[in-house]
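In: fold the following, please.
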Amino acid sequence: MNKSGLNFELITEKLKERGWNQKMLAEKLGIWSNNITSIKYGRLSPGLVLILKISKLFNVHPLDICRVDYFTELLEGYPYVGGDGK
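Out: Next up is the predicted model:
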């Protein structure tokens with residue numbers, strides 16, 4: 001895991017499997033390629049939506065690419081809908 005809480009070893013592995021580079025990943029995620037570099041080196045923290053996009057793109061669980069504590073911290077900022085629909 002890097003400073004941002006993402007497992008860039010797994011992300012790099014998934015990029016290689018697809019023959020993609022970080023610029024291609026950024027394009028698929030709809031962000032600037034320098035944001036990928038900033039996230040990789042811990043200068044920028046990814047939000048929940050970006051983590052979910054990455055996990056969906058690579059068909060992995062979000063917790064496979066993100067530390068549990070970081071993911072939990074992100075979830076605390078989102079409204080929760082209880083089992084009764086309220």
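In: quick one: residues contacting the most centrally placed residue in the chain.
Out: With distances taken as C-alpha atoms, centre = their mean, I51 lies nearest the centre of the chain, 2.7 Å away. Neighbouring residues of I51 by C-beta atoms under 8 Å, 6 or more residues apart in numbering: 6, 62, 65-66, 71, 74. Placement of C-beta: from N, CA and C, glycine included.
In: make JSON lines from these and add pLDDT to it.
Out: Shown next, in JSON lines, are the contacts of I51 (pLDDT from 0 to 100):
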{"residue": "L6", "pLDDT": "88"}
{"residue": "P62", "pLDDT": "90"}
{"residue": "I65", "pLDDT": "90"}
{"residue": "C66", "pLDDT": "89"}
{"residue": "F71", "pLDDT": "79"}
{"residue": "L74", "pLDDT": "78"}
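In: got a winner among these for most neighbours?
Out: Highest neighbour count within the contacts of I51: C66, with 24 neighbours (other C-beta atoms under 10 Å).
In: which residues touch stretch 62-77?
Out: With C-beta under 8 Å, 6+ apart, stretch 62-77 has contacts from 1, 4-7, 10-11, 46-48, 51-52, 54-55, 58.
In: can you give me the helices in this structure?
Out: Ranges of helices in the chain, per DSSP state H, are 8-18, 22-29, 33-40, 48-58, 62-65, 68-75.
In: which of the ones you listed has the lowest mean pLDDT?
Out: In terms of average pLDDT, helix 68-75 trails the rest of the helices of the chain, at a mean of 80.
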